[in-house]
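sequence plus predicted model, see below.
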Amino acid sequence: MPIDTRCPHCQKAYRLKDEFLGRKVKCPNPECQKPFAVEPLPVEAAPKPKPAAPKKSAAELEAEAAALLNDAPPPNAAADTRTVAMLCASCDHKWEVPFDKKGKNVICPECKFTQKVPDKKEKKIDWRDPNADRPSMAKGEEVPEDLKAQMARDVTFGALEKAGAVKDDVEPVPLTVTLQRIAVVLGVVAAVAFGVLYFMQSRQENKEQQFLDDAVAEVEKITDEGMAKGQPPLLKAVIMAAAAEHALRNDTPDQRKLALERFGIARQLVEQAPARTPERDVLLGQFAVLIIKFGGTDEQIGTEVRLRWQPAGRGVGAQLNAGLGDVQTELKRLLVGLNGSDLDFRLSVVRRVTAALEKVKHVELLTEILGQGFSAAEMPEAAAHMGLELHRGGNAAAAKRAAEQAKALMAGNPSPAAQALCEVAGVALDAKEKLYSVPQSGPLAYFNRVYGVILSAANKDIATATAVATRGGADQTDEKLRALATVADWAENPSDAAAKAEAILSGEGRGRSKAGYALLRLATAAGKGGQLDLADKLIVGIEDEGLRVWAKAEAIRAKLGTIKEQKAELSLVEQTLDKGKIRAGHARTAVTVARHNAAATGDQSAAKEYAAWTEPVFRACGLAGLALGIQDRKK
């Protein structure tokens, strides 16, 4: 006798044979499919049996199923009026094509795009069999026979899909559409990458600016207490000059204005130093080279990110932004500040400034104001050194013009450098103008030595120049050192001249010399050769303590220039515990080393170490150098 039962999970009612009583079956409801034990419903809850439907023949059942699933055999091709709806993948145009075009290529009547008419063929699944499409060895609860008949009447979407009653509407995507989608994805990825990169760069720039701002803040903490007399203004000037350079290179009008303000502060600090010292002079010489970086192209001048080269109304770009300052006026002020200092040092400044101006093609600026830094008697020598630097740089035409100017100035003011320049530049001299010569043997007068060294060096005969420079006895030690400094300026391997100088200094000079600026140049030459030990032996011969420390800074700077990709040891920064011994050269070294390391490695973690340095001046120099080095690395 049949049993009326109900799934306790989905409450769907079933009627089963009595042989399933107590057995565990799986609920046929596709939304449930949970197993349950067959138990009869209470008599009072048993549903009333439905009147039995009239039995239909097998043929009638097949016809109904075929009609339901559209399984009817297709009509004859001649009478087939079915069509397939099409949607153009290129222009979205809709149209219909005959049914017999399935699987074939057709052309869109709107945009002429060729695409295939869908014709997906799949294996038909017998929707009547609930166990169809299952692996032959599959395990699980077997569906009772009477439930199979009931499940055959409940057609699910999945069964219809497997039976082929539901067609797959997905068409092949054209290549153009695929490429467009890829382009969109790549665009999104690129935008995200750019955003991340921009965020990281902005963060780095903010840190860089913070390092510089912190350095400037430390300047206010540098006081006279415990410091050597006259040092605080010079220490502050070193830091403010670095801050000025950093601001200038940010290339905005506001930063250019800030750079000029900071440069003005640095210059005033040096000018107001209580006494003229070698440190004061070397700082002014450094500023004379730095101010040239403030000049720019017409475009930069027009956008106010750089200064004009000459006062308003004169020179290239002179009419642009007439209200701003100009490079020539600032340079003139620095030359006036140097007037009266050691002649050899001022001549070395002229050569450095000339080389810098030659790179930007504005040497005429210096020609017009050269007299601000030299007396009338010194002018032939100054003009000659300017011309010699142009000759060394390969500008023969400009060197000849400078030689002609020097010749005109020689009347009543003989100059060994001017005579040598005229000879190498091809400017004829009268016999009475040829006052200097180098005898084959015997002692050499100072000016003859200078003439002979310059002439030989300018003609690239370094061996002869060295021989002339080292001739003479022990009473000419200082003259020899100055001459060897000139040889080093011209030689491809300047450390050779430095080694010759060290031998003379330690031998006949007994380790001391009054040619302090010459030893500074020779120590720098040793640094260019990577020989800091040799530089140290030359530096000890400098009498002035401040100039000794500065010479060490310049030697280190030259040495680091030869190892641009390598990190320098922080031990090069000599942090003296005695505040009274801190000099401007120490600050110069701290800025140089910190800048080099940041540029070489990009490592910003050193900021913590710099911030932990005891004295404000060292903290400021470390952070300022770090900011400049990061900027160097970007540029």
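Perfect, thanks for sending it.

where are the low-confidence patches of the protein?
Along the chain, the model assigns pLDDT under 70 to residues 1, 43-79, 120-174, 189-205, 313-324.

please redo it, this time with the cut-off set to 80
1-3, 14, 16-22, 41-80, 90, 112, 119-181, 184-206, 312-324 (pLDDT under 80).

quick one: the strands in it, in order.
3-6, 13-16, 24-26, 35-37, 83-87, 94-98, 105-107, 114-116 (DSSP state E).

out of those strands, flag the one nearest residue 470.
Nearest to residue 470 among the strands of the chain is strand 114-116 (90.6 Å), distances taken as C-beta to C-beta. Every C-beta, even on glycine, is put in place using the N, C-alpha and C of the backbone.

which strands or helices does the closest one pack on?
Contacts defined by 3 or more C-beta pairs under 8 Å, 6 or more residues apart in numbering; DSSP states H and E place strand 114-116 against strand 105-107.

do a quick rundown of the helices in the stretch 501-635 of the chain.
For the stretch 501-635 of the chain, applying DSSP state H, counting those that start in this stretch gives helices covering 516-528, 532-539, 545-560, 584-601, 606-611, 616-634.

residue 283 - nearest residue in space that isn't next to it in sequence?
Leaving aside its chain neighbours, residue 283 sits nearest to residue 270 (4.9 Å; criterion: C-beta to C-beta, 6 or more residues apart in numbering).

tell me the spacing between that neighbour and residue 350.
Applying C-beta to C-beta, to the nearest Å, the value for residue 270 to residue 350 is 19 Å.

next, count neighbours for residue 37.
Look at residue 37: counted by other C-beta atoms under 10 Å, it has 12 neighbours.

ok, for it, nearest residue in space, not its chain neighbours?
Using C-beta to C-beta, 6+ apart, the closest residue to residue 37 is residue 24 (5.2 Å).

isn't the one you found right up against residue 34?
No. Taking C-beta atoms under 8 Å as the definition, residue 24 is not a contact partner of residue 34, at 10.7 Å.

mind listing the shared neighbours of those two?
Shared contacts of residue 24 and residue 34, defined by C-beta atoms under 8 Å, 6 or more residues apart in numbering, are absent.

tell me the contacts of the nearest residue to residue 342 once chain neighbours are set aside?
Using C-beta to C-beta, 6+ apart and skipping residues adjacent in sequence, the residue nearest residue 342 is residue 517, 5.4 Å away. If you count contacts by C-beta under 8 Å, 6+ apart, residue 517 has them with 278, 342, 344-345, 348, 547.

one more: residue 105?
Contacts of residue 105 (C-beta under 8 Å, 6+ apart): 114-117.

before we move on, the earlier item: check the helices of the stretch 501-635 of the chain for me and report the most buried one.
Highest mean neighbour count among the helices of the stretch 501-635 of the chain (mean count of other C-beta atoms under 10 Å): helix 516-528, with a mean of 28.

and that helix with helix 545-560, angle?
20 degrees (axes from the mean of the first three to the mean of the last three C-alpha atoms, to 10 degrees).

give me the distance from helix 516-528 to the chain's centre.
The chain centroid and the centroid of helix 516-528 are separated by 33 Å under C-alpha atoms, centre = their mean, to the nearest Å.

could you verify my assumption that residue 528 touches residue 557?
No. Applying C-beta under 8 Å as the test, residue 528 and residue 557 come out as separate, 9.7 Å apart.

right, and residue 33 touches residue 10 too?
No. Counting by C-beta under 8 Å, residue 33 does not reach residue 10; the two are 9.2 Å apart.
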